[in-house]
Every structure is written in structure tokens, then in C-alpha cells.
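In: attaching a predicted model along with its sequence, questions to come.
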Amino acid sequence: MKLYYSKHELPFQYPFTISNGRTKTHQPTLVVALQLGNFMGFGEAPAITYYNISVEDMVADIEAKKPFIEKFALTEPQRYWHYLHHLFPK
């Protein structure tokens, strides 16, 4: 299995102001892809300021665990989800 990821700054069509008065014009986002043979699956995760989760933190976590993510011998998707759930417990 092979892991790919890319960081993106997704622009909003219009500025978005939240209740504390902070205005956002874009959303930092991480796009992740897993490839197994000819099959590829994608997922995305936005940065969440109020949980103190940044794209950079997500990338660091993925890089630290990348060998474990890629080495899993996939036989059933449910087993892989369970494996990842324990690899990334937060």
C-alpha cells in the first residue's frame, strides 16, 4: 500500500466571520490518498482551530506513522480501519 498526501488552502467564495469576530477567507486542508494496486481512495481533513489541529500537525503525525500505514497487509477494510483507529487514537 502507498500513502500520498497534499496540503491545500481552499478559498471560500465569500469571507466567513465567526462569533469571536475572526474572519476566514480560506480553509487549510489536508488531502490523503491510499493506493493499493490499481485502486486509490481519497479523504480530506480540514484544520480545526478550536481543537488546535493544524495541517502541519496532521502531516507530522502521518509522517511519523507512514511506515506502519503502508506496511499493513490489507485483507479486509474493517481490519485496516481498526488498525488505523489504534494507530491514530485521537
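Out: Thanks, I have the structure now. Numbering: from 1, shown residues only.

In: measure stretch 34-41 end to end?
Out: Its start and end residues considered, stretch 34-41 measures 5 Å (CA to CA, to the nearest Å).

In: neighbouring contacts of it?
Out: Outside of stretch 34-41, the residues within contact range by CB atoms under 8 Å, 6 or more residues apart in numbering are 1-4, 33, 69, 74. Yep, even glycine has a C-beta here, placed from its N, CA and C like the rest.

In: next: stretch 74-88.
Out: With contacts defined as CB under 8 Å, 6+ apart, stretch 74-88 is touched by 1, 36, 61, 65, 68-69, 72.

In: what of stretch 4-19?
Out: Identification of contacts with stretch 4-19 by CB under 8 Å, 6+ apart yields 23-35, 46, 55, 59, 62.

In: gap between Phe72 and Pro15?
Out: 42 Å (CB to CB, to the nearest Å).

In: who's more crowded, the two?
Out: Neighbour comparison, Phe72 and Pro15: the larger count goes to Phe72, with 15 against 9 (by other CB atoms under 10 Å).

In: which of the contacts of stretch 74-88 tops the neighbour count?
Out: Using other CB under 10 Å as the neighbour criterion, Ile69 leads those with 18 neighbours.

In: helix/strand/coil for the residue of the chain most remote from its centre?
Out: Among the residues of the chain, the one whose C-alpha is farthest from the average of all C-alpha positions is Gly21, by CA atoms, centre = their mean at 27.3 Å. Going by DSSP: H, G, I helix; E, B strand; the rest coil, the secondary structure assigned to Gly21 is coil.

In: farthest pair within the contacts of stretch 34-41?
Out: Among those, the pair separated by the greatest distance (CB to CB) is Tyr4 and Leu74, at 16.0 Å.

In: please save the CA atoms from the longest strand along the chain in PDB.
Out: The single longest strand within the chain, with elements called by DSSP state E, is strand 2-17. In PDB, the C-alpha atoms belonging to strand 2-17 read as follows (Å, rounded to 0.1, in the frame of the first residue of the first chain):
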ATOM      1  CA  LYS A   2       1.200   3.500  -0.800                       C
ATOM      2  CA  LEU A   3       0.300   6.700   1.100                       C
ATOM      3  CA  TYR A   4       0.200  10.100  -0.600                       C
ATOM      4  CA  TYR A   5      -0.900  13.500   0.800                       C
ATOM      5  CA  SER A   6      -1.000  17.100  -0.200                       C
ATOM      6  CA  LYS A   7      -1.700  20.400   1.600                       C
ATOM      7  CA  HIS A   8      -4.300  22.800   0.200                       C
ATOM      8  CA  GLU A   9      -5.600  26.300   1.000                       C
ATOM      9  CA  LEU A  10      -9.200  26.100  -0.100                       C
ATOM     10  CA  PRO A  11     -10.600  29.600  -0.700                       C
ATOM     11  CA  PHE A  12     -14.100  30.500   0.300                       C
ATOM     12  CA  GLN A  13     -16.400  32.200  -2.200                       C
ATOM     13  CA  TYR A  14     -17.100  34.800   0.400                       C
ATOM     14  CA  PRO A  15     -15.300  35.700   3.600                       C
ATOM     15  CA  PHE A  16     -16.700  33.900   6.700                       C
ATOM     16  CA  THR A  17     -16.800  35.600  10.100                       C
END
